[in-house]
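Trainee: I'll drop the sequence and a predicted model, then ask my questions.
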Amino acid sequence: MQSHVDEDSSSEVTEMKDPESRTIFAGVDGRTDTELPEWYRERHRDADTVTFAEAVRDLPQAVETTVAYQNPYTDEWVETERFNALVEPSRARSQGREAEAGTDPLFHIPTDSYSIINPVDVYGPLEEVLREETIDGTPLGEVMFGEIRRYRGGGEVHMDIMFDGLEVRLPGRSDPITMGVTSGYDFFGEHAVYVEGFAQDGYCSNTMRSLTDKEVIKHVGDVRNFRSWWEELLAQVELVADDLFEFIRDAQDIDLDFSELPFTVTEFYTLLGFPDYLAERAAGDAEANAASPFEIDMWTLHSGATYALTHFFQGKEGASLDQYVRIANDILFNPEGTIERVEQAYKQELEADDDGSQASLAGERALASIERVSDDLQEKVDQFEKREDALRERFQEAMS
(Lines give C-alpha, C1' and ligand atoms only; values in the text may rest on other atoms or scores of the structure.)
Protein backbone atom coordinates (compact mmCIF):
# COMPACT_ATOMS: atom_id res chain seq x y z
CA MET A 1 0.00 0.00 0.00
CA GLN A 2 1.38 3.41 -0.93
CA SER A 3 1.64 6.28 1.50
CA HIS A 4 -0.52 9.39 1.22
CA VAL A 5 1.78 11.61 -0.82
CA ASP A 6 0.87 14.07 -3.56
CA GLU A 7 3.34 15.28 -6.15
CA ASP A 8 2.42 18.91 -5.59
CA SER A 9 2.45 18.82 -1.81
CA SER A 10 5.38 19.94 0.27
CA SER A 11 6.54 18.22 3.43
CA GLU A 12 4.24 20.56 5.36
CA VAL A 13 0.61 20.39 4.24
CA THR A 14 -1.90 23.05 5.22
CA GLU A 15 -4.90 21.89 7.20
CA MET A 16 -7.87 24.06 6.33
CA LYS A 17 -7.49 27.77 6.87
CA ASP A 18 -4.35 28.25 8.94
CA PRO A 19 -5.03 29.16 12.58
CA GLU A 20 -3.22 32.11 14.11
CA SER A 21 -1.62 29.73 16.59
CA ARG A 22 -1.55 26.07 17.60
CA THR A 23 -0.88 24.70 21.07
CA ILE A 24 0.14 21.06 21.46
CA PHE A 25 -0.72 19.52 24.81
CA ALA A 26 -0.16 16.22 26.62
CA GLY A 27 -1.55 15.19 30.00
CA VAL A 28 -4.34 16.86 31.93
CA ASP A 29 -2.11 18.82 34.33
CA GLY A 30 1.32 19.04 35.96
CA ARG A 31 0.67 15.96 38.09
CA THR A 32 0.71 13.72 35.02
CA ASP A 33 3.86 12.59 33.27
CA THR A 34 2.49 12.20 29.75
CA GLU A 35 4.42 11.95 26.49
CA LEU A 36 2.99 12.34 23.03
CA PRO A 37 2.57 9.09 21.08
CA GLU A 38 5.46 8.56 18.70
CA TRP A 39 3.37 8.99 15.52
CA TYR A 40 1.99 12.32 16.81
CA ARG A 41 5.35 13.53 18.10
CA GLU A 42 6.90 12.92 14.67
CA ARG A 43 4.36 15.30 13.12
CA HIS A 44 4.93 18.04 15.71
CA ARG A 45 8.68 17.82 16.25
CA ASP A 46 9.26 21.56 16.63
CA ALA A 47 6.29 22.25 18.91
CA ASP A 48 6.58 22.94 22.62
CA THR A 49 4.21 20.78 24.65
CA VAL A 50 2.20 22.00 27.66
CA THR A 51 -0.47 20.34 29.80
CA PHE A 52 -4.14 20.63 28.90
CA ALA A 53 -4.88 22.68 32.02
CA GLU A 54 -2.13 25.16 31.12
CA ALA A 55 -3.35 25.44 27.54
CA VAL A 56 -6.95 26.11 28.59
CA ARG A 57 -5.98 28.76 31.12
CA ASP A 58 -3.87 30.51 28.50
CA LEU A 59 -6.89 31.00 26.22
CA PRO A 60 -8.45 34.49 26.04
CA GLN A 61 -11.50 35.09 28.20
CA ALA A 62 -14.46 37.42 27.79
CA VAL A 63 -16.16 39.79 30.24
CA GLU A 64 -19.16 42.08 29.78
CA THR A 65 -18.99 45.83 29.80
CA THR A 66 -21.48 48.61 29.12
CA VAL A 67 -22.40 49.68 25.60
CA ALA A 68 -23.25 53.25 24.62
CA TYR A 69 -24.18 54.96 21.36
CA GLN A 70 -23.54 58.54 20.28
CA ASN A 71 -26.63 60.67 19.74
CA PRO A 72 -25.93 62.29 16.34
CA TYR A 73 -27.94 65.39 17.25
CA THR A 74 -26.46 66.14 20.68
CA ASP A 75 -23.06 64.35 20.41
CA GLU A 76 -23.83 62.83 23.80
CA TRP A 77 -23.06 59.16 24.55
CA VAL A 78 -26.13 57.24 25.72
CA GLU A 79 -25.77 53.93 27.56
CA THR A 80 -28.10 51.04 26.64
CA GLU A 81 -29.03 47.98 28.67
CA ARG A 82 -30.21 46.08 25.59
CA PHE A 83 -26.65 45.17 24.56
CA ASN A 84 -23.36 44.37 26.27
CA ALA A 85 -19.86 44.44 24.81
CA LEU A 86 -17.74 41.28 25.17
CA VAL A 87 -14.12 42.25 25.72
CA GLU A 88 -10.91 40.42 26.61
CA PRO A 89 -10.01 41.78 30.09
CA SER A 90 -6.20 41.71 29.85
CA ARG A 91 -6.31 43.50 26.49
CA ALA A 92 -8.76 46.05 27.81
CA ARG A 93 -6.39 46.83 30.71
CA SER A 94 -3.44 47.32 28.39
CA GLN A 95 -5.28 49.05 25.54
CA GLY A 96 -3.81 52.43 26.30
CA ARG A 97 -0.22 51.23 26.36
CA GLU A 98 1.84 51.94 23.27
CA ALA A 99 3.12 48.35 23.06
CA GLU A 100 -0.45 47.03 22.96
CA ALA A 101 -1.94 49.71 20.74
CA GLY A 102 -2.74 47.28 17.93
CA THR A 103 -4.59 44.74 20.10
CA ASP A 104 -8.35 45.21 20.00
CA PRO A 105 -10.03 43.87 23.15
CA LEU A 106 -13.54 43.87 21.63
CA PHE A 107 -14.95 40.51 20.52
CA HIS A 108 -18.66 41.13 20.00
CA ILE A 109 -21.71 43.18 21.02
CA PRO A 110 -24.55 40.71 21.62
CA THR A 111 -27.98 41.28 23.14
CA ASP A 112 -28.40 41.12 26.91
CA SER A 113 -29.64 37.50 26.62
CA TYR A 114 -26.12 36.30 25.75
CA SER A 115 -24.44 34.24 28.49
CA ILE A 116 -20.65 34.23 28.55
CA ILE A 117 -19.11 30.77 28.68
CA ASN A 118 -15.38 31.07 29.23
CA PRO A 119 -12.86 28.27 28.49
CA VAL A 120 -12.44 27.17 32.12
CA ASP A 121 -16.24 26.98 32.49
CA VAL A 122 -16.32 24.31 29.78
CA TYR A 123 -13.01 22.48 30.09
CA GLY A 124 -12.41 22.76 33.84
CA PRO A 125 -15.14 20.14 34.50
CA LEU A 126 -13.59 17.99 31.75
CA GLU A 127 -10.31 18.01 33.67
CA GLU A 128 -12.11 16.59 36.71
CA VAL A 129 -13.73 13.83 34.63
CA LEU A 130 -10.42 12.93 32.98
CA ARG A 131 -8.74 12.47 36.37
CA GLU A 132 -11.42 9.96 37.39
CA GLU A 133 -12.41 8.07 34.23
CA THR A 134 -10.04 5.30 33.16
CA ILE A 135 -9.03 3.22 30.17
CA ASP A 136 -7.55 -0.18 31.07
CA GLY A 137 -7.11 1.08 34.62
CA THR A 138 -5.23 4.26 33.62
CA PRO A 139 -6.88 7.67 34.15
CA LEU A 140 -7.78 9.31 30.83
CA GLY A 141 -5.94 12.42 31.98
CA GLU A 142 -2.66 10.51 31.81
CA VAL A 143 -3.14 9.43 28.19
CA MET A 144 -4.78 12.55 26.71
CA PHE A 145 -3.07 14.66 24.06
CA GLY A 146 -3.94 16.87 21.12
CA GLU A 147 -3.93 20.45 19.90
CA ILE A 148 -5.78 23.74 20.35
CA ARG A 149 -6.20 26.13 17.40
CA ARG A 150 -6.91 29.85 17.78
CA TYR A 151 -8.51 32.15 15.22
CA ARG A 152 -9.51 35.84 15.24
CA GLY A 153 -7.41 36.91 18.17
CA GLY A 154 -8.36 33.85 20.19
CA GLY A 155 -12.05 34.75 20.06
CA GLU A 156 -12.65 31.53 18.11
CA VAL A 157 -11.12 28.26 19.32
CA HIS A 158 -11.22 24.65 18.10
CA MET A 159 -9.42 21.70 19.66
CA ASP A 160 -8.81 17.99 19.13
CA ILE A 161 -8.55 15.88 22.29
CA MET A 162 -7.38 12.27 21.84
CA PHE A 163 -6.65 9.37 24.17
CA ASP A 164 -3.62 7.16 23.57
CA GLY A 165 -4.83 3.54 23.75
CA LEU A 166 -8.45 4.31 22.83
CA GLU A 167 -7.88 3.25 19.28
CA VAL A 168 -8.57 1.08 16.26
CA ARG A 169 -5.72 -0.91 14.73
CA LEU A 170 -6.00 -2.10 11.15
CA PRO A 171 -4.04 -5.09 9.81
CA GLY A 172 -0.84 -4.11 8.05
CA ARG A 173 -0.55 -0.70 9.75
CA SER A 174 1.83 0.12 12.57
CA ASP A 175 0.09 3.38 13.52
CA PRO A 176 -3.42 3.33 15.05
CA ILE A 177 -6.59 5.32 14.44
CA THR A 178 -6.83 7.16 17.76
CA MET A 179 -10.22 8.18 19.17
CA GLY A 180 -11.22 11.35 20.95
CA VAL A 181 -13.38 14.44 20.61
CA THR A 182 -13.18 17.72 18.79
CA SER A 183 -14.61 20.76 20.56
CA GLY A 184 -14.73 24.53 20.28
CA TYR A 185 -16.59 27.82 20.68
CA ASP A 186 -16.34 31.49 19.83
CA PHE A 187 -17.24 34.86 21.35
CA PHE A 188 -18.71 36.26 18.12
CA GLY A 189 -22.17 34.72 18.28
CA GLU A 190 -21.43 32.20 15.52
CA HIS A 191 -20.18 28.99 17.22
CA ALA A 192 -21.95 27.80 20.33
CA VAL A 193 -19.91 25.50 22.57
CA TYR A 194 -19.83 22.15 20.77
CA VAL A 195 -18.27 18.71 21.01
CA GLU A 196 -18.42 15.61 18.79
CA GLY A 197 -16.64 12.31 18.33
CA PHE A 198 -13.35 12.49 16.45
CA ALA A 199 -10.47 10.26 15.38
CA GLN A 200 -7.09 10.75 13.76
CA ASP A 201 -5.47 8.15 11.54
CA GLY A 202 -1.83 7.98 12.60
CA TYR A 203 -0.92 6.29 9.33
CA CYS A 204 -1.71 9.33 7.20
CA SER A 205 -2.78 12.10 9.65
CA ASN A 206 -6.31 12.10 8.21
CA THR A 207 -8.93 13.37 10.64
CA MET A 208 -12.30 11.67 10.97
CA ARG A 209 -14.88 14.12 12.28
CA SER A 210 -18.53 13.94 13.39
CA LEU A 211 -18.26 10.33 14.56
CA THR A 212 -21.04 11.10 17.05
CA ASP A 213 -23.85 13.64 16.85
CA LYS A 214 -22.66 17.16 17.55
CA GLU A 215 -23.71 18.24 21.04
CA VAL A 216 -24.18 21.99 21.43
CA ILE A 217 -24.69 24.39 24.33
CA LYS A 218 -25.69 27.89 23.26
CA HIS A 219 -24.66 31.12 24.95
CA VAL A 220 -28.22 31.74 26.08
CA GLY A 221 -29.93 31.33 29.45
CA ASP A 222 -28.68 29.07 32.21
CA VAL A 223 -25.56 27.10 31.40
CA ARG A 224 -25.96 23.39 32.13
CA ASN A 225 -23.79 21.05 34.19
CA PHE A 226 -20.70 20.55 32.03
CA ARG A 227 -19.38 17.70 34.16
CA SER A 228 -22.28 15.36 33.41
CA TRP A 229 -22.20 16.55 29.79
CA TRP A 230 -18.58 15.40 29.42
CA GLU A 231 -19.26 12.08 31.16
CA GLU A 232 -22.01 11.27 28.66
CA LEU A 233 -19.95 12.35 25.66
CA LEU A 234 -16.88 10.32 26.59
CA ALA A 235 -19.08 7.25 27.05
CA GLN A 236 -20.29 7.73 23.46
CA VAL A 237 -16.73 7.94 22.14
CA GLU A 238 -15.79 4.66 23.81
CA LEU A 239 -18.79 2.99 22.14
CA VAL A 240 -17.74 4.33 18.74
CA ALA A 241 -14.22 2.99 19.25
CA ASP A 242 -15.67 -0.48 19.84
CA ASP A 243 -17.60 -0.39 16.55
CA LEU A 244 -15.43 1.64 14.20
CA PHE A 245 -13.19 -1.32 13.40
CA GLU A 246 -16.21 -3.37 12.30
CA PHE A 247 -17.50 -0.55 10.09
CA ILE A 248 -14.09 -0.21 8.44
CA ARG A 249 -13.75 -3.95 7.93
CA ASP A 250 -17.18 -4.15 6.29
CA ALA A 251 -16.41 -1.11 4.10
CA GLN A 252 -13.23 -2.79 2.90
CA ASP A 253 -15.40 -5.61 1.55
CA ILE A 254 -17.55 -3.26 -0.56
CA ASP A 255 -15.84 -2.50 -3.87
CA LEU A 256 -16.86 -0.08 -6.60
CA ASP A 257 -15.65 -1.20 -10.01
CA PHE A 258 -15.14 2.07 -11.86
CA SER A 259 -14.48 0.21 -15.12
CA GLU A 260 -18.20 -0.65 -15.07
CA LEU A 261 -19.42 2.77 -13.94
CA PRO A 262 -20.12 5.75 -16.24
CA PHE A 263 -17.94 8.14 -14.26
CA THR A 264 -14.36 8.41 -13.01
CA VAL A 265 -13.21 8.37 -9.39
CA THR A 266 -12.90 12.17 -9.49
CA GLU A 267 -16.44 12.45 -10.85
CA PHE A 268 -17.65 10.13 -8.07
CA TYR A 269 -16.63 12.79 -5.54
CA THR A 270 -18.02 15.71 -7.56
CA LEU A 271 -21.34 13.88 -7.94
CA LEU A 272 -21.41 13.60 -4.15
CA GLY A 273 -21.01 17.36 -3.90
CA PHE A 274 -17.28 17.91 -3.43
CA PRO A 275 -15.83 20.96 -5.23
CA ASP A 276 -13.45 20.11 -8.06
CA TYR A 277 -10.24 20.88 -6.16
CA LEU A 278 -11.20 18.52 -3.30
CA ALA A 279 -12.55 15.85 -5.65
CA GLU A 280 -9.23 15.73 -7.51
CA ARG A 281 -7.23 15.40 -4.27
CA ALA A 282 -9.59 12.75 -2.88
CA ALA A 283 -9.50 10.71 -6.10
CA GLY A 284 -5.71 10.90 -6.36
CA ASP A 285 -5.33 9.58 -2.83
CA ALA A 286 -7.94 6.84 -3.23
CA GLU A 287 -6.39 5.61 -6.49
CA ALA A 288 -2.88 5.64 -4.98
CA ASN A 289 -3.96 3.55 -1.99
CA ALA A 290 -6.24 1.07 -3.76
CA ALA A 291 -5.07 -2.36 -4.88
CA SER A 292 -6.40 -1.38 -8.33
CA PRO A 293 -7.13 2.17 -9.57
CA PHE A 294 -10.37 0.84 -11.08
CA GLU A 295 -11.70 -1.30 -8.22
CA ILE A 296 -11.74 0.73 -5.00
CA ASP A 297 -13.41 -0.22 -1.72
CA MET A 298 -15.59 2.16 0.31
CA TRP A 299 -13.05 2.50 3.15
CA THR A 300 -10.38 3.67 0.69
CA LEU A 301 -12.87 6.07 -0.92
CA HIS A 302 -13.75 7.41 2.53
CA SER A 303 -10.06 7.74 3.38
CA GLY A 304 -9.49 9.70 0.15
CA ALA A 305 -12.25 12.11 1.14
CA THR A 306 -10.87 12.66 4.65
CA TYR A 307 -7.38 13.13 3.19
CA ALA A 308 -8.64 15.94 0.95
CA LEU A 309 -10.58 17.59 3.78
CA THR A 310 -7.75 17.29 6.29
CA HIS A 311 -4.94 18.60 4.13
CA PHE A 312 -6.46 20.73 1.35
CA PHE A 313 -9.80 22.18 2.49
CA GLN A 314 -9.64 25.94 1.89
CA GLY A 315 -12.53 27.07 4.06
CA LYS A 316 -13.00 27.54 7.80
CA GLU A 317 -13.76 25.08 10.53
CA GLY A 318 -17.48 25.02 11.22
CA ALA A 319 -20.53 24.74 8.96
CA SER A 320 -18.62 25.02 5.69
CA LEU A 321 -16.45 22.03 6.65
CA ASP A 322 -19.23 20.05 8.35
CA GLN A 323 -21.26 19.60 5.16
CA TYR A 324 -18.35 17.84 3.44
CA VAL A 325 -17.53 15.79 6.55
CA ARG A 326 -21.09 14.41 6.48
CA ILE A 327 -20.63 13.38 2.83
CA ALA A 328 -17.30 11.69 3.63
CA ASN A 329 -18.77 9.85 6.62
CA ASP A 330 -21.67 8.55 4.56
CA ILE A 331 -19.18 6.79 2.28
CA LEU A 332 -18.09 4.77 5.32
CA PHE A 333 -21.26 4.53 7.41
CA ASN A 334 -24.00 4.72 4.76
CA PRO A 335 -22.74 3.17 1.49
CA GLU A 336 -26.26 2.62 0.17
CA GLY A 337 -27.16 6.28 0.69
CA THR A 338 -23.89 7.27 -1.00
CA ILE A 339 -24.66 5.25 -4.13
CA GLU A 340 -28.20 6.65 -4.22
CA ARG A 341 -26.86 10.20 -3.95
CA VAL A 342 -24.43 9.58 -6.81
CA GLU A 343 -27.20 8.05 -8.92
CA GLN A 344 -29.55 10.98 -8.35
CA ALA A 345 -26.84 13.51 -9.14
CA TYR A 346 -25.93 11.61 -12.32
CA LYS A 347 -29.61 11.54 -13.36
CA GLN A 348 -29.85 15.31 -12.93
CA GLU A 349 -26.75 15.81 -15.07
CA LEU A 350 -28.23 13.56 -17.79
CA GLU A 351 -31.50 15.47 -17.78
CA ALA A 352 -29.65 18.77 -18.05
CA ASP A 353 -27.51 17.50 -20.96
CA ASP A 354 -30.20 15.47 -22.77
CA ASP A 355 -30.31 16.70 -26.38
CA GLY A 356 -31.51 13.65 -28.30
CA SER A 357 -32.49 9.99 -28.30
CA GLN A 358 -28.92 8.70 -28.67
CA ALA A 359 -27.78 10.61 -25.59
CA SER A 360 -30.87 9.40 -23.75
CA LEU A 361 -30.13 5.76 -24.62
CA ALA A 362 -26.52 6.11 -23.43
CA GLY A 363 -27.79 7.67 -20.23
CA GLU A 364 -30.17 4.79 -19.60
CA ARG A 365 -27.34 2.30 -20.01
CA ALA A 366 -25.20 4.32 -17.62
CA LEU A 367 -27.95 4.41 -14.98
CA ALA A 368 -28.46 0.67 -15.40
CA SER A 369 -24.78 0.08 -14.61
CA ILE A 370 -25.10 2.17 -11.42
CA GLU A 371 -28.21 0.22 -10.38
CA ARG A 372 -26.38 -3.10 -10.92
CA VAL A 373 -23.65 -1.92 -8.56
CA SER A 374 -26.29 -0.87 -6.04
CA ASP A 375 -27.99 -4.30 -6.25
CA ASP A 376 -24.66 -6.07 -5.74
CA LEU A 377 -24.07 -4.02 -2.58
CA GLN A 378 -27.45 -4.73 -1.03
CA GLU A 379 -26.49 -7.78 1.04
CA LYS A 380 -23.48 -6.05 2.57
CA VAL A 381 -25.49 -2.86 3.10
CA ASP A 382 -27.96 -4.86 5.19
CA GLN A 383 -25.07 -5.78 7.51
CA PHE A 384 -24.26 -2.09 7.88
CA GLU A 385 -27.83 -1.19 8.78
CA LYS A 386 -27.98 -3.89 11.47
CA ARG A 387 -24.70 -2.64 12.94
CA GLU A 388 -25.95 0.96 12.91
CA ASP A 389 -29.17 -0.04 14.69
CA ALA A 390 -27.20 -1.94 17.33
CA LEU A 391 -24.87 1.01 17.88
CA ARG A 392 -27.82 3.38 18.26
CA GLU A 393 -29.39 1.11 20.87
CA ARG A 394 -26.15 1.03 22.82
CA PHE A 395 -25.93 4.85 22.68
CA GLN A 396 -29.43 5.11 24.12
CA GLU A 397 -28.65 2.61 26.88
CA ALA A 398 -25.43 4.48 27.79
CA MET A 399 -27.22 7.84 27.90
CA SER A 400 -30.25 6.63 29.90
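Mentor: Ah, there it is.

Trainee: I'd like to know how many residues surround Ala366.
Mentor: Residues lying near Ala366 (other CB atoms under 10 Å) number 18. All C-beta spots, glycine's among them, are computed from the backbone N, C-alpha and C.

Trainee: OK, contacts around the spatially closest residue to it that is not a sequence neighbour?
Mentor: Spatial nearest neighbour of Ala366, excluding adjacent residues (CB to CB, 6 or more residues apart in numbering): Pro262 at 3.5 Å. Counting by CB atoms under 8 Å, 6 or more residues apart in numbering, Pro262 makes contact with Tyr346, Arg365, Ala366, Ser369, Ile370.

Trainee: tell me what the residue nearest to Ser183 when sequence neighbours are not counted is bridged to.
Mentor: Using CB to CB, 6+ apart and skipping the chain neighbours, the partner closest in space to Ser183 is Val195 (4.1 Å). Bridge pairing for Val195 (DSSP bridges) gives the partners Ser183, Glu215.

Trainee: how close does Val195 sit to Ile109?
Mentor: Remark: distance between Val195 and Ile109 (CB to CB, to the nearest Å) = 27 Å.

Trainee: sec struct for the most far-flung residue of the chain relative to its centre, please.
Mentor: When distances are taken from the C-alpha mean of the chain, Thr74 lies farthest, 50.9 Å away, according to CA atoms, centre = their mean. Put simply, Thr74 is coil when judged by DSSP: H, G, I helix; E, B strand; the rest coil.

Trainee: for it, grab phi and psi.
Mentor: Per-residue torsions, Thr74: phi -110, psi -10 (degrees, to the nearest 10).

Trainee: direction included, what does the host helix or strand of Glu167 pair against?
Mentor: Take DSSP states H and E as the rule and Glu167 turns out to sit in strand 156-168. With DSSP bridges as the test, strand 156-168 is paired with strand 144-151 (antiparallel), strand 177-186 (antiparallel).

Trainee: what would those strands look like in TSV with mean neighbour count and distance to Ser113?
Mentor: Shown next, in TSV, are these (neighbours: other CB atoms under 10 Å; distance: least, CB to CB, whole Å):
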stretch	mean neighbour count	distance to Ser113
strand 144-151	22	25
strand 177-186	24	17
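
Trainee: Arg169 is nearest to which of the ones you listed?
Mentor: Ranking the strands paired with strand 156-168 by proximity to Arg169 (CB to CB) places strand 177-186 first, at 7.6 Å.

Trainee: surely His108 touches Glu190?
Mentor: No: with contacts counted by CB atoms under 8 Å, His108 stays clear of Glu190, the gap being 9.1 Å.

Trainee: who has more neighbours out of these two?
Mentor: Counted by other CB under 10 Å, His108 and Glu190 do not tie: His108 has more neighbours, with 18 against 14.

Trainee: separation between that one and Arg93?
Mentor: Per CB to CB, His108 is found 19 Å from Arg93.

Trainee: same check on Ala305?
Mentor: On the measure of CB to CB, Ala305 and Arg93 end up 46 Å apart.

Trainee: the two: who's more crowded?
Mentor: Neighbour count, other CB under 10 Å: between Ala305 and Arg93, Ala305 has more, with 30 against 12.

Trainee: quick check, the more buried one in contact with Ile327.
Mentor: Yes: contact criterion CB under 8 Å: Ala305 and Ile327 qualify, at 7.1 Å.

Trainee: what do the two both touch?
Mentor: Counting by CB under 8 Å, 6+ apart, the contacts common to Ala305 and Ile327 are Phe274.

Trainee: bridging residues for Val50?
Mentor: With DSSP bridges as the rule, Val50 is bridged to Phe25.

Trainee: was I right about Ile109 contacting Asn84?
Mentor: Yes: counting by CB under 8 Å, Asn84 is a contact partner of Ile109 at 7.3 Å.

Trainee: what number of residues lie near Thr266?
Mentor: The tally of other residues near Thr266 (other CB under 10 Å) stands at 18.

Trainee: can you give me the pLDDT of the closest residue to it other than its chain neighbours?
Mentor: Using CB to CB, 6+ apart and skipping residues adjacent in sequence, the residue nearest Thr266 is Ala283, 4.0 Å away. We have a pLDDT of 97 for Ala283.

Trainee: name the SS class of Ala283, please.
Mentor: Per three-state DSSP, Ala283 ends up helix.

Trainee: contacts only, for it.
Mentor: Here Ala283 is in contact with Thr264, Val265, Thr266, Phe268, Tyr269, Gly304 (CB under 8 Å, 6+ apart).

Trainee: mind listing what the first one touches?
Mentor: The reference is to Thr264. With CB under 8 Å, 6+ apart, Thr264 has these contacts: Phe258, Ala283.

Trainee: just the fourth one next, same as before
Mentor: For Phe268, the contacting residues are Leu256, Phe258, Leu261, Ala279, Ala283, Leu301, Val342, by CB under 8 Å, 6+ apart.

Trainee: rank those by pLDDT and give me only the lowest.
Mentor: Leu261 (87).

Trainee: did I read that right, it in a strand?
Mentor: No: according to three-state DSSP, the state of Leu261 is coil, so it is not within a strand.

Trainee: could you shift the numbering so residue one becomes 27, and keep it that way?
Mentor: Sure, I'll start counting at 27 from here, so that last one is Leu287.

Trainee: would you mind measuring from the closest residue to it other than its chain neighbours to Tyr372?
Mentor: Distance criterion CB to CB, 6+ apart; nearest residue to Leu287, sequence neighbours excluded, is Ser395 at 6.0 Å. Ser395 sits 10 Å away from Tyr372 when distances are taken as CB to CB.

Trainee: settle it for me: which of those two has more neighbours?
Mentor: Each of Ser395 and Tyr372 has its neighbours counted (other CB under 10 Å); Tyr372 has more, 20 against 15.

Trainee: returning to what we had before: common neighbours of Ile135 and Asn110, please.
Mentor: Counting by CB under 8 Å, 6+ apart, the residues touching both Ile135 and Asn110 are Val93.
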